[in-house]
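# below are the sequence and a predicted model for it; my questions follow.
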Amino acid sequence: MEPHGLTMIFTGNGKGKTTAALGLAFRALGHGFPVCLIQFIKGSWKYGELESAKCFADLLDFHVMGRGFTWNSENLQEDIQAAREAWDFAAQTIRAGRHRLVILDELTYLIKYQMVSEEEILAVLRQKPEAMHLVITGRGASQGLIDFADLVTEMTEIKHPYKKGIKAQKGIEF
Ligand code: ATP
Ligand code: MG
């Protein structure tokens, strides 16, 4: 069967969006598929996965976008600029078509915080190479992204250990 590139979204407030994306990366790498992971928010990719990624150096490209952005910074213009540059890089990566799976981790926030327009992002997604799978993560995926995607899963928080005061732990949160 010819590969049918899918656009998949993991959204919602519960834990597991980035974890699910990393799980798919692990699965694809096992088939020898080149994978690219682009992190849009500074620090969203954690120590554990950054170290593991080194084991797949020949197949896995990961890009922690330069300065990244946080949207609580003093300097909104700089954040917008950083978000734009990160998106331009992602758009180039998609067009280049070198990877079988491209993960756009926390992309939803660029639209939510009006740093890049939904239309501009959708224009690139519509032109993606046929065989390429895309994964988009982040809370509050916009309606346009949802309409475009082939698969959308919403992580719903039923329980989270933070609620009873259990702090972030090695191997679980980072
Ligand atoms: P993960 O990276 O663990 O899969 P995520 O991608 O679904 O989480 P994000 O919205 O990106 O979640 O949040 C990143 C951080 O916030 C993670 O360290 C995660 O454990 C934590 N987190 C996620 N969901 C919750 C929640 N419902 N309550 C408290 N903290 C959360
Ligand atoms: Mg995440």
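All right, it came through fine. Ligands and ions are numbered 1, 2, ... in the order given.

# can I assume Ile41 is in contact with Tyr109?
Yes - checked against Cβ atoms under 8 Å, the pair Ile41 and Tyr109 is within contact range at 6.6 Å. Every residue, glycine included, has its C-beta placed from N, CA and C.

# could you say which helix or strand holds Pro129?
With secondary structure defined by DSSP states H and E, Pro129 is part of neither a helix nor a strand.

# so how far is Ile166 from the residue nearest to it when sequence neighbours are not counted?
Spatial nearest neighbour of Pro129, chain neighbours left out: Gly97 (3.9 Å); criterion: Cβ to Cβ, 6 or more residues apart in numbering. According to Cβ to Cβ, to the nearest Å, Gly97 and Ile166 sit 43 Å apart.

# so which of these two has more stuff around it?
Gly97 (13 against 10; other Cβ atoms under 10 Å).

# surely the more buried one is in contact with Met132?
Yes - at 6.3 Å, Gly97 and Met132 qualify as touching, with contact defined as Cβ under 8 Å.

# circling back: state the distance from the residue nearest to Pro129 to Thr11.
26 Å.

# lowest-confidence helix or strand of the chain?
strand 60-69 (a mean of 75; mean pLDDT, DSSP states H and E).

# mean confidence score for the helix or strand following that one?
Following the chain from strand 60-69 toward its C-terminal end, the next helix or strand by DSSP H and E is helix 76-96. The average pLDDT within helix 76-96 is 91.

# dump the residue contacts of the residue lying closest to Phe56 once chain neighbours are set aside.
Leaving out its chain neighbours, the residue that sits closest to Phe56 by Cβ to Cβ, 6+ apart is Leu29, at 5.2 Å. Contacts of Leu29 were listed using Cβ atoms under 8 Å, 6 or more residues apart in numbering, and they are 35, 56, 59-60.

# anything in the helix or strand harbouring Leu29 near ligand 1?
Counting by DSSP H and E, the element that carries Leu29 is helix 17-30. Yes - applying Cβ under 6 Å from any ligand atom, one finds helix 17-30 in contact with ligand 1 at 17-19.

# okay, buried residues for that helix please.
Buried residues in helix 17-30, defined by neighbour count with 16 or more other Cβ atoms under 10 Å: 17-18, 20-22, 24-25, 28-29.

# hmm, who's touching the helix or strand following it?
Toward the C-terminus, helix 17-30 is succeeded by strand 35-41 as the next helix or strand (DSSP H and E). Among residues not part of strand 35-41, those counted as contacts by Cβ under 8 Å, 6+ apart are 21-22, 25, 28-29, 45, 53, 56, 59-65, 68-70, 83, 86-87, 89-90, 93, 98-107, 109-110, 138.
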